[in-house]
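Colleague: sharing a sequence plus its predicted fold:
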Amino acid sequence: MEQRYDKPFLITALNETNLSGYYEGRGISVDEEVTFNFAKRSGRDPQTDYPLNVWAKSLISPLLESSDVRYEAVYQSPSLSFNDSLGLEYWDDNFVRHPEKLSVQLSFLYTGIMTRERVFSIINKMKEQGAGSLSIMLYPIASSPDLSSLNKLGFAEYYAENREAFTGACEILTPDELTDLTRFEIGNPCLKDY
């Protein structure tokens, strides 16, 4: 990966699956602090959602005013696992060439306030890029997470192992058309109106 993307990376987790010689793991790009997932079969280059997360960061970061929000993008369908026949190029730029075929989950973990307007803006930004199926997971947490553990586990597993530290968890399944902020996620316990 370092040769392919000309970036330094650290592996934060590496696990062998029940298929011999097939590994899944997590990493972080040292310079950008972008976390990502990867999957690797013996003798093959690793498939990764690192480029997807760099792309998502370029869209999301300008819309976040606070540094207390962490986020990550994950392929839902197809997933990285057991899909190495698609080729490395697919994972590197399919979100640019064929965004309408994307099925992606964006996860946000935050200690401050996440507003309905901010999430609405992020979804609209992704839709403007042509993103197809998009879901949002919100993880409000009472105090700052253990970043080392979060980087190793990922958002969903970190939540599962530290549920008592969170004030909730909410999923938003986005419709094809978003037109009215005033009706967007009214009453969602993970979001504020201001």
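Modeller: The structure has been received and is ready for your questions.

Colleague: just name the shakiest helix or strand of the chain by mean pLDDT.
Modeller: In the chain, no helix or strand scores lower on mean pLDDT, DSSP states H and E than helix 88-97, which sits at a mean of 86.

Colleague: and that one, what does it pack onto?
Modeller: In terms of contacts (3 or more CB pairs under 8 Å, 6 or more residues apart in numbering; DSSP states H and E), helix 88-97 is packed against strand 47-48, helix 50-60. C-betas here are computed from N, CA, C, even on glycine.

Colleague: report the contact partners of the residue positioned nearest the centre of the chain.
Modeller: Here the mean C-alpha position of the chain is nearest to the C-alpha of Ala73 (CA atoms, centre = their mean), at a distance of 1.7 Å. By CB atoms under 8 Å, 6 or more residues apart in numbering, the contact set of Ala73 is Asp49, Leu52, Asn53, Trp55, Ala56, Val104, Gln105, Leu106, Ser107.

Colleague: make sure it is indeed in a helix.
Modeller: No. Per DSSP: H, G, I helix; E, B strand; the rest coil, Ala73 lies outside any helix segment and is strand.

Colleague: which pair in the contacts of Ala73 spans the largest distance?
Modeller: Across the contacts of Ala73, no pair lies farther apart than Trp55 and Ser107, at 15.5 Å, counting by CB to CB.

Colleague: compare those two and say which one has the larger neighbour count.
Modeller: A direct count of neighbours by other CB atoms under 10 Å for Trp55 and Ser107 places Ser107 higher, at 21 against 18.

Colleague: who does whichever strand or helix holds the more buried one pair up with?
Modeller: Using DSSP states H and E, Ser107 maps to strand 103-110. Strand 103-110 pairs in its sheet with strand 69-75 (antiparallel), strand 133-140 (parallel), by DSSP bridges.

Colleague: which of these sits most buried?
Modeller: Ranked by mean neighbour count, those are led by strand 69-75 with a mean of 22 (mean count of other CB atoms under 10 Å).

Colleague: low-confidence ranges in this structure?
Modeller: Per-residue confidence for the chain (pLDDT under 70) gives these ranges: 18-19, 82, 175-178, 194.
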